[in-house]
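Novice: what follows is a predicted protein model with its sequence.
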Amino acid sequence: MTFTIIIILIFIGLVAGIFSGLIGIGGAIVIIPSLIFLLGMNQYEAQGTSLAVMLPPIGLLAAYNYYKAGALNWKYALIIAAAFLIGGYFGSKLTLHIPEIILRKVLAVILVLIALKLFLSK
């Protein structure tokens with residue numbers, strides 16, 4: 001694993017953690033598309049790795065199935081999880097100072113942009 005990949009994984013974890021703390025999103029909206037677009041993972045490996053990030057206690061059995069199928073990258077999942085923890089803390093601190101209506105609009109814009117990117121990509 002290169003230094004660049006580690007930096008990308010930390011970035012993914014921080015962004016997912018911040019968005020999770022800020023507007024309650026993370027795995028499917030941030031981690032999976034980021035692993036696909038930034039690191040070239042296939043959909044299955046991205047999903048398996050994202051689930052591993054959420055392991056305690058959410059995706060343990062699902063991640064195990066991806067692991068058995070060879071579609072999970074434990075190293076990536078652990079680095080993202082550590083950064084997600086930190087990002088979640090700071091994202092939640094930030095969100096307490098932002099009006100609810102602004103948060104709702106930010107969430108809507110993010111969901112639409114990601115949906116369009118996923119829908120229009122090959």
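Specialist: That came through, no problem.
Novice: measure the nearest residue to residue 118 once chain neighbours are set aside to residue 25 for me?
Specialist: Spatially, and ignoring its direct neighbours in sequence, residue 118 is nearest to residue 33 (6.6 Å; CB to CB, 6 or more residues apart in numbering). Yep, even glycine has a C-beta here, placed from its N, CA and C like the rest. Between residue 33 and residue 25 the distance is 11 Å, computed by CB to CB, to the nearest Å.
Novice: neighbours of residue 99, just the number please.
Specialist: When neighbours are counted by other CB atoms under 10 Å, residue 99 registers 8.
Novice: quick one: pLDDT of it?
Specialist: pLDDT for residue 99: 87.
Novice: ditto for residue 58
Specialist: Looking at residue 58, its pLDDT stands at 65.
Novice: also residue 7?
Specialist: pLDDT recorded at residue 7 is 97.
Novice: for it, give me phi and psi.
Specialist: Torsion angles at residue 7 (phi, psi; degrees, to the nearest 10) stand at phi -60, psi -40.
Novice: all helices of this protein, in order?
Specialist: 3-23, 32-39, 43-53, 60-68, 74-95, 100-120 (DSSP state H).
Novice: work out the gap between the fifth one and the centre of the chain.
Specialist: Spelled out, it's helix 74-95. Here helix 74-95 is found 9 Å from its chain centre; the criterion is CA atoms, centre = their mean, to the nearest Å.
Novice: so what does that helix touch, helix or strand wise?
Specialist: Contact here means 3 or more CB pairs under 8 Å, 6 or more residues apart in numbering; DSSP states H and E; on that basis helix 74-95 packs against helix 3-23, helix 43-53.
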